[in-house]
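Visitor: I would like the atomic coordinates for the input below:
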Amino acid sequence: MTTPLIVVGVLLIIVVILALWIVGIFNGLVTLRNRLKNAFAQIDVQLKRRYDLIPNLVEIAKGYLKHERETLEAVIKARNIAAAAATAVAANPTDGAAMKSLVSAETGLAGALSRLMVVSEQYPDLKANANMMQLTEELTSTENKIAFARQAYNDSVMVYNTARETFPNVIFAGMFNFQAAELFRIEDAAERVAPKVQFT
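Guide: Numbers count the residues shown, from 1 in each chain. All right, here's what the predicted structure looks like:
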């Protein structure tokens, strides 16, 4: 009788240790996923700030760029698409499709802003406008903050993805629905150039 009790006790201890080990893996992945979500929240704050600045920039430019209606409308349209894409990613930063949509929308917005800045260069009165200069300075500052927040987010993605892909975590990551996170990066080298928002 003693031997079967010892065997049952040892098996029970093994099961408890195994359960605690799995709980530790699960909790570790949850912690990393939450850090990743927090890192994206920092990007989201800066993106929203930029999205709020863009309509003001367009409003100031409207008075000077009467013949550039298509350019102004393209900026607002691109801004709205990017804002919607950012909202989708904020809901679930590990959704790879949503992140790819945001990267694409941000690329479109950067292109539209670049076109606006090129057109704005042709209007000296607009370049000299104090409000326009202040907004472009704020936009430049926000772009820098976005770049820093994006780096922190990508670092969090790397740590999270590495943790979920290493053995034995990879076994449980799929079972507990820990999806791979997508980096916030721009694929095309030509699109990596930040929009020029300073007047010279």
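Visitor: what about S120, neighbour count?
Guide: Using other Cβ atoms under 10 Å, S120 has 24 neighbouring residues. In short, each C-beta sits where N, CA and C put it, glycine included.
Visitor: right, and A86 touches D44 too?
Guide: Yes: applying Cβ atoms under 8 Å, one finds A86 in contact with D44, separated by 6.0 Å.
Visitor: V119: neighbouring residues, count only.
Guide: V119 has 18 nearby residues by other Cβ under 10 Å.
Visitor: Name the SS class of L65, please.
Guide: Following DSSP: H, G, I helix; E, B strand; the rest coil, we place L65 in the coil state.
Visitor: neighbouring contacts of the lowest-mean-pLDDT helix or strand in the chain?
Guide: The helix or strand of the chain with the poorest confidence is helix 124-128; it has a mean of 79 (mean pLDDT, DSSP states H and E). Contacts to helix 124-128, defined as Cβ atoms under 8 Å, 6 or more residues apart in numbering, come from residues I60, A61, Y64, L65, S120, E121, M132, M133, F199.
Visitor: Could you pick out the buried ones from the residues you listed?
Guide: Buried subset of the contacts of helix 124-128 (neighbour count, 16 or more other Cβ atoms under 10 Å): I60, A61, Y64, L65, S120, M132, F199.
Visitor: what's the closest of those to F148?
Guide: F199 (23.7 Å; Cβ to Cβ).
Visitor: Helices along the chain, start to end?
Guide: 2-62, 69-91, 96-120, 124-128, 130-165, 169-175 (DSSP state H).
Visitor: picking up where we left off before, farthest-separated two in the contacts of helix 124-128?
Guide: Taking Cβ to Cβ, no two of the contacts of helix 124-128 sit farther apart than L65 and M133, at 15.9 Å.
Visitor: contacting residues around the residue lying closest to M132 once chain neighbours are set aside?
Guide: In space, and not counting its chain neighbours, M132 is closest to I60: 5.0 Å by Cβ to Cβ, 6 or more residues apart in numbering. Residues in contact with I60 (Cβ under 8 Å, 6+ apart) are L126, N129, N131, M132, L135.
Visitor: picking up where we left off before, could you dump the contacts of helix 124-128 to JSON lines with distance to T71 and pLDDT?
Guide: Below are the contacts of helix 124-128 laid out as JSON lines (distance: Cβ to Cβ, whole Å; pLDDT from 0 to 100):
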{"residue": "I60", "distance to T71": "14", "pLDDT": "86"}
{"residue": "A61", "distance to T71": "9", "pLDDT": "86"}
{"residue": "Y64", "distance to T71": "12", "pLDDT": "79"}
{"residue": "L65", "distance to T71": "7", "pLDDT": "79"}
{"residue": "S120", "distance to T71": "9", "pLDDT": "84"}
{"residue": "E121", "distance to T71": "12", "pLDDT": "83"}
{"residue": "M132", "distance to T71": "15", "pLDDT": "84"}
{"residue": "M133", "distance to T71": "19", "pLDDT": "84"}
{"residue": "F199", "distance to T71": "16", "pLDDT": "45"}
